[in-house]
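J.: Dropping the sequence and predicted coords here.
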Amino acid sequence: MYPGDLLIIGGAEEKCHGAEVLSKFVELAGGSESIIGILPTASEIPDDVSSDYVKTFGKLGVKDLHVLNIKHRREAEDPEVCRIVDSLTAVFISGGDQSRLADIIGNTKLHMKLAERWKEGMVLAGTSAGASIMAKHMIVASDMKQNEDKLKIELGRGFGFMDYVLIDQHFSQRARFDRLLSAIADNNEIIGIGIDENTAILVRNNEFEVYGEHQVLVMDGKSSDYIDISTSKNGSEELTISGFRLHTLTAGYRFDLTGRKLLLKKGVSQNED
C-alpha cells in the first residue's frame, strides 16, 4: 500500500473564481463524497480561519466537514479526536505559525494518528505553515532573524511526511530565495522546495507535479563541489557556492525526488518543441 497524496500549497490559495488548487484537493479527497477535517491550529484566529474553509469547501460541493479545533496540547492527546480522524478521507492544515503547530501537535496522539492514516492512504494537504510542517525538517520562521544584514536560519522538526526535503512557502512573493539558499548550504543533502502563492505540488510516489498559478523552485546542493560560509567584517553571513542545481517548474511539470531531476509534462516528449 502506498501512502496517501500530499498536496502542499505555497499559501494565499484562491478561494473564489475557480479555486483551482482547493478544487484539486477536494477531487483527491473524494469529491462530493469526501469527509474532510480542517486543522486550523497554526493560526492565532483558528475560528475565523476554519469558518473560511468550511464556506469554501462547502461551495466546492463538500457536505461532510469536521473542524479539528485543537488549541492546546492536551486536546491533541484526546482519543476522541483520533476517532474523528479515523472517519476522514482527507485533512487540510491551515496557515499561521509552523512552530505553533509543532509545539501543540508534534509527537502527540493526533500527530501519530495523522501519520498512520496517511500511510493507509488518507490525503493530506497543507498551506503556508501547513505546507512547511509536512517535511521532517522545517524553517522556524520565528527564529529567522535579519539584523545588520546577518541572516540566521534555524531548522525545527516538522511532521515528517517527507524526508530529505525542506519546504518554504510564499516563496517569490516574500523574496525567500536567500533564506532557502542559506538553509540548503548548511544542509546540502536536503532538497529545498520553494512554492509560490496560489501554487501547489502534489506529491505521489516520490514524484511531485505542479498545480496553480505561479512557480515552484527546487534547490539541490547534493552535487555541489564547493560551499564556504563565512562572516564578513561587519558580521554578515556570506556564501561562496559552486555546483548547486536549480530548477523552476510551472503547472503541469513534474519532479523526481529520488533521481533529483525534472520530469516533463505528461504527454510531452523530450524532443518536442
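T.: Everything's here; your move. These figures come from a predicted structure and were not determined experimentally. Numbering: from 1, shown residues only.
J.: so where does Asp48 fall, helix or strand?
T.: When elements are assigned from DSSP states H and E, Asp48 belongs to helix 46-59.
J.: avg pLDDT for that helix?
T.: In this model, helix 46-59 has an average pLDDT of 97.
J.: again, but for stretch 265-273
T.: Predicted confidence along stretch 265-273 averages 68 (mean pLDDT).
J.: Could I get the phi/psi values of the closest residue to Gly31 other than its chain neighbours?
T.: For Gly31, the nearest residue in space outside its immediate sequence neighbours is Gly61; the separation is 6.6 Å by CB to CB, 6 or more residues apart in numbering. Quick note: C-beta positions are derived from backbone N, CA and C, even for glycine. According to degrees, to the nearest 10, the main-chain angles of Gly61 amount to phi 100, psi 0.
J.: what do you get for the one 4 residues further on?
T.: Leu65 has phi and psi values of phi -120, psi 140 when expressed as degrees, to the nearest 10.
J.: start to end distance for stretch 231-242?
T.: 18 Å (CA to CA, to the nearest Å).
J.: so how far is it from its chain's centroid?
T.: In this view, stretch 231-242 has its centroid 29 Å away from the chain centroid, taken as CA atoms, centre = their mean, to the nearest Å.
J.: Could you do stretch 126-134 as well?
T.: Stretch 126-134 has its C-alpha centroid displaced from the chain centroid by 4 Å (CA atoms, centre = their mean).
J.: Which elements pack onto the strand or helix carrying Ile167?
T.: When elements are assigned from DSSP H and E, Ile167 belongs to strand 165-169. Secondary-structure packing of strand 165-169 (3 or more CB pairs under 8 Å, 6 or more residues apart in numbering; DSSP states H and E): helix 129-132, strand 137-139, helix 177-186, strand 191-195.
J.: Next, count neighbours for Ile153.
T.: The number of residues packed around Ile153, counting by other CB atoms under 10 Å, is 22.
J.: Return the residues in contact with the most far-flung residue of the chain relative to its centre.
T.: Relative to the centre of the chain, and counting by CA atoms, centre = their mean, the farthest-placed residue is Lys233 at 36.5 Å. The contact partners of Lys233, by CB atoms under 8 Å, 6 or more residues apart in numbering, come to none.
J.: residue contacts, Ala175?
T.: Ala175 makes contact with no residue, according to CB under 8 Å, 6+ apart.
J.: Is it in a helix, a strand, or coil?
T.: Using DSSP: H, G, I helix; E, B strand; the rest coil as the criterion, the local structure at Ala175 reads coil.
J.: Tell me the spacing between the residue nearest to Val26 when sequence neighbours are not counted and Lys24.
T.: Nearest in space to Val26, with sequence neighbours left out and distances taken as CB to CB, 6+ apart, is Leu60 at 4.7 Å. Leu60 sits at a distance of 10 Å from Lys24 (criterion: CB to CB, to the nearest Å).
J.: and what of Lys59?
T.: Taken as CB to CB, the spacing of Lys59 relative to Lys24 amounts to 15 Å.
J.: Looking at these two, which one has more neighbours?
T.: When Lys59 and Lys24 are compared for neighbours, Lys24 comes out ahead with 19 against 13, by other CB under 10 Å.
J.: how far away is the more buried one from Tyr2?
T.: As defined by CB to CB, Lys24 lies at a distance of 18 Å from Tyr2.
J.: before we move on, back to that, can you give me how far the helix holding Asp48 is from the chain middle?
T.: In this view, helix 46-59 has its centroid 19 Å away from the chain centroid, taken as CA atoms, centre = their mean.
J.: One more: stretch 69-82?
T.: Centroid separation for stretch 69-82 versus its chain: 22 Å, with CA atoms, centre = their mean.
J.: Check stretch 209-226 too.
T.: Taking CA atoms, centre = their mean, the mean C-alpha location of stretch 209-226 is offset from the chain mean by 14 Å.
J.: Just the pLDDT for the nearest residue in space to Val123 that is not next to it in sequence.
T.: Taking CB to CB, 6+ apart as the measure, Val123 lies nearest to Ala90, with 3.9 Å between them; neighbours along the chain are not counted. Model confidence at Ala90, expressed as pLDDT, equals 98.
J.: pretty sure Asp47 contacts Asn69?
T.: Yes. With contact taken as CB atoms under 8 Å, Asp47 and Asn69 are classed as touching, separated by 7.5 Å.
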